[in-house]
Each structure stands twice: as C-alpha cells, then as structure tokens.
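Participant: here's my sequence, what's the structure:
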Amino acid sequence: SRSNMSGEFPTIKSSHSLVAKHVTKEKWDKLKDIQTKTCGFTLAKACACAIEFDNQHCGIYAGDWDSYKDFAIVFDPLIQEYHGISADAKHTSDMDPSKVNGNINSDVPVHSTRIRVGRNIDGFGLSPGITKDQRIGVENLMKKAFANLTGDLAGTYYPLTGMEEKVRQQLVDDQ
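Facilitator: Okay, here's the model as predicted:
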C-alpha cells in the first residue's frame, strides 16, 4: 500500500515487470532511504506503479535526473534490458540543425504547432517528481525562450491555466 512505500521491501503487484526482476530486496534495502537532491524522489516513488498495479511491463519512472545516478543499480540494468543495449553503450547527441531534413510540403503549410516539454531541463524534476514550484519555473523559463523566437518560429504562447474559454475553443477548432 501507499503508506508502506518505503522501509519494508514491497509486494510488487506487477510480478512479471522489469521492476520485479531488477528491484531485489538487497537493492531495495541499499536504496530505500535515499532521496534525490532535485526533488526528493525515492526508489519507492520510482517503482510505485509496479507496486500498486498488476499490469506494468517496465514499471519504473525517474523523478529527476538524479534518479538515474542515485538508483543506478536498478535503472542501469533495467534500461539495458528494456532497450536491448550493452552496459558499455554510449548515448550520442547531434544538435546540428543542418542535418534535420524536413518533409513539409509547401502545398501543405503548417498553421499551428504545439510544443510539449517533457524532459531534461537541468535543475528541474521530470514529470513524476516535479514540484509545483518547479513546474512554474519551467513555464517561466519556456515563456522567456518562446519570446525570443523570431521569423517562422515566432508565435503566441497560450498557458493551460488562465486562458479565456473563447481562446481555448478557437485553438481547438483551429486544429
């Protein structure tokens, strides 16, 4: 149960999940009292869906970037198995925009786009662990970034809260 999400080794309802395979009592006992620096995330919170529900395949979510480091003895082998990669695999990133080849036909121009921010802003929790103050901080950071977009990228920022119903409906209708 939720009241026993730390301390004793939990019953993992998703018994066929990767959490059930990789979160052993030995690992649990080693990690159960650790709270991440960014948002106080715990292994219990990371594994909550596999503990609470019986239908999870993977069953774990990082609350912040620290989760990957602090709970590495669980996350690393689980991620490796899920993605079929070796322990020495290296992630590569190429942010060269000239290598992005679009497929937008000039006969079918883009009229509207929506940007979803889901991951990786240093100092903020990820979706499962982000605090309300951190969410507000992310929104303010993104508003500043959007205000600097020019030309084809310029547009209007519409917050999810505080939007007039008429504006919200128009955005829905325009899709």
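
Participant: pLDDT wise, what is the residue in the chain sticking out farthest from the centre at?
Facilitator: In the chain, counting by Cα atoms, centre = their mean, Asp107 sits farthest out from the average C-alpha position, at 35.4 Å. Asp107 is assigned 75 on the pLDDT scale.

Participant: point me to the helix or strand that includes it.
Facilitator: For Asp107, there is no helix or strand it lies in under DSSP states H and E.

Participant: all helices for the chain, in order.
Facilitator: Assigned by DSSP state H, the helices in the chain fall at 18-22, 25-31, 43-46, 48-52, 65-70, 72-83, 132-147, 165-174.

Participant: so what's Ile73 up against?
Facilitator: Lys27, Lys30, Leu31 (Cβ atoms under 8 Å, 6 or more residues apart in numbering). Bear in mind the C-beta positions are built from the backbone N, C-alpha and C, glycine included.

Participant: find the nearest non-adjacent residue to the second one, please.
Facilitator: What it means is Lys30. Among residues not flanking Lys30 along the chain, Ile73 sits closest, at 7.2 Å (Cβ to Cβ, 6 or more residues apart in numbering).
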